[in-house]
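Output the structure for:
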Amino acid sequence: MMRLTHYAQGGGCACKIPAADLEAMLARFGQTLPKDPLGELIVGTESGDDAAVVRIQGDTAIVSTADFFTPVVDAPYDWGRIAVANALSDVYAMGGRPLVGLNLLVWPREDLPYDIAAEVLRGGADVAAQAGCHLAGGHSVNGPEPMYGAAVTGLADPGRLMRNDAGQAGLPLSLTKPIGSGVLNNRHKATGEPFPQAVEVMTALNAEASAAALAAGVRCATDVTGFGLLGHLYKLARASGVTAVLDAAAVPLIDRAMESVRQGYVPGGSRRNLDWVAPHLAATGVAEELLILLADAQTSGGLLIAGEIPGATVIGELRPPTDHAVIVR
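Here you go, the predicted model:
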């Protein structure tokens, strides 16, 4: 069997540019404002949100995002499903509904046959159809590593957006999916052992969780992807000007994730996430292996919500600001 994961240096959202490097790069230039824009930019890069949002009329806004990555699993159809579910998640995390997506494909055409690429695209199309989202066209290029994802446009009510910077002290923190996909994907790449429980988590859409959050009046949320639970929680707490208190024992884990950490299957991106958050973190007495899992670089993870919804696990709360943005207990 041809192993897709062996054609890539990293895997999934673990191949992201490290958060510290990305923030330093973005800080080197200011935002250039367009001349006579057709809409009002109401969410940009300032708060580190999941997607850009432009108001085009009073109660209608466009949510726009793009996400693509190298293979996380060897099965091409599953990789396509995971990649598009992950791209759609950014729209759901903002409180939007996906409208149309465009395929983004990089393919080493001299190394991998096109019939494998066709299976990747079929997986993406099936997930988009499940989401009620058109997947029409896109762009493809030849490259040294296979990569796939989508640029997605959605619609949202600008008065009901869920943002990183809208958290308030006193709100509970809830998580809608278990974590641990990063270490399980890393173990899969190293050994070829399949982890269907991780695939199930990564292909599950965040549509119902997003709708439930909107119905509950939630105004602060993000999805948990490449920067790990701790990284995305830190970004939320920093943007909202609060301290996040996390109950580590309450965080749900994908089956065999802790076992995989103990056996050393830790992505480099997960360790970089922990290093980035460490200066802003208080975690006295928390085992390092658990901290690594809390920082594990997720692919197509769940929503992290400042509030409560049915089916989500309460994992902590937001408090008034202290010397640390995140406290793990």
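
From here on, just use CA atoms for contacts and neighbour counts.
Fine.

how does this structure divide up, domain by domain?
4-159, 161-328 (automatic domain parsing).

got a list of what residue 68 touches?
Contacts for residue 68 (CA atoms under 8 Å, 6 or more residues apart in numbering) come out as 83, 87, 104, 147, 148, 149, 150.

can we see that at 10 Å?
Contacts for residue 68 (CA atoms under 10 Å, 6 or more residues apart in numbering) come out as 12-13, 16, 83-84, 86-87, 103-106, 147-151.

immediately after the helix or strand bottoming out on mean pLDDT in the chain, which helix or strand?
Between all helices and strands in the chain, the lowest mean by mean pLDDT, DSSP states H and E belongs to helix 19-26, at a mean of 66. With elements assigned by DSSP states H and E, the helix or strand that comes after helix 19-26 is strand 40-43.

For that following strand, give the mean pLDDT please.
Averaging pLDDT along strand 40-43 gives 85.

what pairs with that strand, and is each one parallel or antiparallel?
With DSSP bridges as the test, strand 40-43 is paired with strand 52-57 (antiparallel).

Quick check: buried residues in the partner strand?
Neighbour counts over strand 52-57 (16 or more other CA atoms under 10 Å) mark 52, 53, 54, 55 as buried.

Of the domains of the chain, flag the one that's most buried.
When you average the neighbours per residue for each of the domains of the chain (mean count of other CA atoms under 10 Å), domain 161-328 leads with a mean of 21.

Over to that domain now: how far is its first residue from its last?
28 Å (CA to CA, to the nearest Å).

circling back to that earlier point, which one of the buried residues of strand 52-57 is nearest to residue 195?
Closest to residue 195 out of the buried residues of strand 52-57 is residue 52 (33.3 Å), distances taken as CA to CA.

Surely the closest one and residue 96 touch.
No. Using CA atoms under 10 Å, residue 52 is not in contact with residue 96; the gap is 11.2 Å.

quick check, distance from stretch 279-297 to the centre of its chain.
Averaging C-alpha positions (CA atoms, centre = their mean, to the nearest Å) puts stretch 279-297 19 Å from its chain's average.

And the average pLDDT for it is what?
Across stretch 279-297, the average pLDDT comes to 96.

List every C-alpha atom in it, with coordinates, as PDB.
Taking Å, rounded to 0.1, in the frame of the first residue of the first chain, the C-alpha atoms of stretch 279-297 are listed here in PDB:
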ATOM      1  CA  PRO A 279       5.500  31.900  29.700                       C
ATOM      2  CA  HIS A 280       1.800  32.700  30.100                       C
ATOM      3  CA  LEU A 281       0.900  29.500  31.900                       C
ATOM      4  CA  ALA A 282       0.600  28.400  35.500                       C
ATOM      5  CA  ALA A 283       0.500  24.600  35.800                       C
ATOM      6  CA  THR A 284       2.100  23.600  39.100                       C
ATOM      7  CA  GLY A 285       1.800  19.900  39.700                       C
ATOM      8  CA  VAL A 286       0.400  18.900  36.300                       C
ATOM      9  CA  ALA A 287       2.300  16.000  34.700                       C
ATOM     10  CA  GLU A 288       4.300  16.900  31.600                       C
ATOM     11  CA  GLU A 289       2.700  14.200  29.500                       C
ATOM     12  CA  LEU A 290      -0.700  15.700  30.200                       C
ATOM     13  CA  LEU A 291       0.500  19.200  29.400                       C
ATOM     14  CA  ILE A 292       1.800  17.900  26.100                       C
ATOM     15  CA  LEU A 293      -1.600  16.500  25.300                       C
ATOM     16  CA  LEU A 294      -3.200  19.800  26.200                       C
ATOM     17  CA  ALA A 295      -0.900  21.500  23.800                       C
ATOM     18  CA  ASP A 296      -1.200  18.700  21.100                       C
ATOM     19  CA  ALA A 297      -1.600  20.100  17.600                       C
END
